[in-house]
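[1] here are the coordinates; sequence isn't available:
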């Protein structure tokens with residue numbers, strides 16, 4: 001059954017997916033199953049988060065630059081949530097028209113309509129298992 005699945009290296013959904021370090025995207029028949037997580041926005045966004053959650057930490061660390069700031073931020077806050085109470089999510093869509101040679105040519109289908117199914121997680125292992133679970137669920141709907 002998994003021989004009919006198409007795997008893509010790009011995230012399949014989420015407007016800020018370019019800042020997600022984790023992504024799985026699989027076309028299962030007419031469905032696109034997309035999982036994203038480990039959201040790491042640009043520094044100004046992280047500074048706003050730190051200002052709201054722990055302004056004392058930001059004051060003590062705002063002088064740091066580059067990787068030094070990133071390391072301290074990751075140690076204190078970790079990855080950002082991409083939704084309420086979750087750092088990873090999987091969504092299922094009807095697969096639309098694939099990206100052609102006029103685009104980048106990767107073949108990743110566009111999203112056609114709203115999500116059909118979704119689930120959230122807080123660690124990479126659960127996100128991977130959840131992605132595969134939804135792939136298997138929608139593979140059952142294939143003829």
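    Arrived safely. Keep in mind it's a predicted model, so treat the numbers as computed, not measured.
[2] I'd like to know how many residues surround residue 66.
    Residue 66 is surrounded by 8 other residues when neighbours are defined as other CB atoms under 10 Å. C-beta: built from backbone N, CA, C; applies to glycine.
[3] quick one, phi/psi of it?
    For residue 66, the backbone dihedrals (degrees, to the nearest 10) come out as phi 50, psi -130.
[4] can you pull up the bridge partners for residue 92?
    When bridges are called by DSSP bridges, residue 92 pairs up with residue 33, residue 117.
[5] In which helix or strand does the residue of the chain positioned farthest from its centre reside?
    Residue distances from the centre of the chain (CA atoms, centre = their mean) peak at residue 60, which lies 30.7 Å from the mean C-alpha position. Assigned by DSSP states H and E, residue 60 belongs to helix 55-61.
[6] and for the helix or strand containing residue 112, what are the contacting residues?
    If you go by DSSP H and E, residue 112 is part of strand 109-121. Around strand 109-121, the neighbours that count as contacts under CB atoms under 8 Å, 6 or more residues apart in numbering are 12-13, 27, 31-32, 37, 83, 85-99, 127, 130, 134, 137-138.
[7] buried residues in the helix or strand following it?
    Stepping forward along the backbone from strand 109-121, the first helix or strand reached (DSSP H and E) is helix 124-139. For helix 124-139, the buried set under the neighbour-count rule, 16 or more other CB atoms under 10 Å, comprises 126-128, 130-132, 134-135, 138-139.
[8] Just the closest of those residues to residue 4, please.
    In terms of CB to CB, no member of the buried residues of helix 124-139 lies closer to residue 4 than residue 139, at 7.8 Å.
[9] on that earlier part again, show me how far the strand holding residue 112 is from its chain's centre.
    The chain centroid and the centroid of strand 109-121 are separated by 12 Å, computed with CA atoms, centre = their mean, to the nearest Å.
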